[in-house]
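Trainee: need coordinates for the below:
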Amino acid sequence: MIRAGRLRMVRTLADIAAQQGIAVQTLLNSGRHLAEGFPAPLNAGRTRLYDGEQVDAYLAGLPVPALPATDDDEDLLDRQEAAALRGMPLQRWDRRKKDPAVSEHLVLVGGVEHWPRRVVRDHTPTPRRPAGGRGGGRPTGAGDQIPRDQLPALVAQLLDDDPALTAAGATDRLGVHRDTAQDALTQCRAERMADVMERRGVTAAEAAAALGYPAALTRRASVRAASILRGRQARPYLAAVAQALHARGWMTTDAPPTVQHPDDDACVATLVLDAPSAPAPALVWSERHGWRTATSRRHPLGRGTAWPPPGPGVRHLATGTTPASSKLIHALDSTG
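Mentor: Numbering: from 1, shown residues only. All right, here's what the predicted structure looks like:
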C-alpha cells in the first residue's frame with residue numbers, strides 16, 4: 001500500500017532505472033532490484049511501485065528507513081489489498097470498484113489503481129435503481145447524449161450550482177456514462193483547485209475547502225490538481241524547447257506543447273517534429289524521465305505514462321528531466 005502522505009514519493013522501476021542512468025530493461029536484466037537489502041515493493045501487482053525515500057537511502061548506501069506502520073484512513077490500497085481488506089475474492093472487488101461511491105475515489109499511481117482505505121472499508125453498495133424510473137441512469141449499451149467537447153462547460157455549470165455534485169448526479173443530469181461524468185468532474189475540480197493553489201499558495205485540501213468541495217469527493221482531484229500545477233510550472237521550459245526545435249528547422253511552428261495527465265500523478269508532453277529534416281517523428285517529455293524519441297507522429301505518447309526502453313525508433317535523450325535545449329538538440333544531432 002501507499003501510506004498516507006507518501007504519494008509523491010512513489011516510483012516505478014522505470015523511475016529507478018532513470019535515476020541510475022540506465023534503461024529499465026538493463027535494470028531488470030541485472031536484477032539489482034532483487035538484491036539483498038533493496039527496498040520491498042509497495043504492491044504485488046505486475047507494475048511494481050517503490051517508496052522513493054527508501055530507494056534513495058539504499059542507492060546512497062544508507063540504512064533503509066522503515067515505512068509508517070500505523071494504518072491511516074488515507075492510505076492508498078491497490079486491488080489486491082482492497083479485496084483482502086473486504087475479505088472478498090478479487091473478481092468481486094472488480095465488480096465493487098465500479099460502484100460510483102468507489103470509482104469516484106480512484107487514484108491512478110504509476111498506472112496502478114488505488115483507493116483510500118476509508119472508502120474501501122466503509123463502502124456500502126449503492127442500491128440499484130429500478131430500470132426506467134427517475135434517476136435510472138442510461139440504458140445498458142446507450143451512448144453518451146452530449147458531445148464530449150460540450151461536456152466540460154456543462155459540468156462546470158453543474159458544479160457552480162452544486163459543489164458536492166457526484167458522478168451519479170452528473171450522469172442523471174447529463175445522460176452520459178458514469179465514467180465519462182467522473183472524468184469530467186475530476187478534471188473540472190482539479191483545474192479549479194489548481195487555480196486557487198497557484199493564486200493563493202495553498203494546499204489542494206485548502207483549495208478544495210475554499211471551493212466548497214467535500215473532502216470525500218476530492219481525493220483524486222487533489223492529486224490531479226497538484227499535477228496540473230506542476231505542468232503549468234513546466235510550460236516556460238517546454239515553450240523554450242519548442243522554440244529551439246523550430247529554430248533548428250525540425251518543427252514548422254514553435255507552438256508549445258500541451259501538458260497532459262494520462263495518470264493523475266504525472267505530467268507528460270509531446271512535440272511533433274514535422275519538418276522533413278527532423279531526426280525523429282516526435283519527442284515525448286516526462287517530468288519523471290526527461291526526453292525520448294517516439295516512432296509515431298499521430299500517437300507519440302503510446303500507452304499512458306509507460307516509459308519504454310531504448311529500441312528501434314526510441315532513444316533516451318540527454319540527462320536529467322529538464323536538460324537545456326542546446327543539450328537536447330545536440331543529443332538529437334548525435335543520434336539522428
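
Trainee: how is the most centrally placed residue in the chain assigned, secondary-structure-wise?
Mentor: To find the centre residue of the chain, average its C-alpha atoms and take the closest one (Cα atoms, centre = their mean): that gives Asp263, at 1.8 Å. State at Asp263, reduced to three classes by DSSP: H, G, I helix; E, B strand; the rest coil: coil.

Trainee: quick one, phi psi at it?
Mentor: Torsion angles at Asp263 (phi, psi; degrees, to the nearest 10) stand at phi -110, psi 150.

Trainee: same thing with the one 5 residues further on?
Mentor: Here is the backbone geometry of Val268 (degrees, to the nearest 10): phi -140, psi 160.

Trainee: so it makes contact with Pro300?
Mentor: No - between Val268 and Pro300 there is no contact, the gap being 9.9 Å when judged by Cβ atoms under 8 Å. C-beta: built from backbone N, CA, C; applies to glycine.

Trainee: which residues touch Glu206?
Mentor: For Glu206, the contacting residues are 196-197, 200, taking Cβ atoms under 8 Å, 6 or more residues apart in numbering as the criterion.

Trainee: now, which of those sits nearest Glu81?
Mentor: Distances from the contacts of Glu206 to Glu81 were compared by Cβ to Cβ; the smallest belongs to Met197, at 29.7 Å.

Trainee: who does the strand or helix carrying the closest one touch, helix- and strand-wise?
Mentor: For Met197, the host element (DSSP states H and E) is helix 178-200. Helix 178-200 sits against helix 100-103, helix 151-161, helix 167-174, helix 204-211, helix 219-248, with contacts defined as 3 or more Cβ pairs under 8 Å, 6 or more residues apart in numbering; DSSP states H and E.

Trainee: average model confidence for that helix?
Mentor: Mean per-residue pLDDT for helix 178-200: 92.

Trainee: pull out the buried positions in that helix.
Mentor: Across helix 178-200, burial judged by 16 or more other Cβ atoms under 10 Å covers 178, 180-190, 192-197.

Trainee: shared neighbours, Val268 and Pro300?
Mentor: Here Val268 and Pro300 share the contacting residues Val284, scored by Cβ under 8 Å, 6+ apart.

Trainee: now Gln252: how far from Leu238?
Mentor: Careful, residue 252 is Thr and not Gln. In this view, Thr252 and Leu238 are 17 Å apart by Cβ to Cβ, to the nearest Å.
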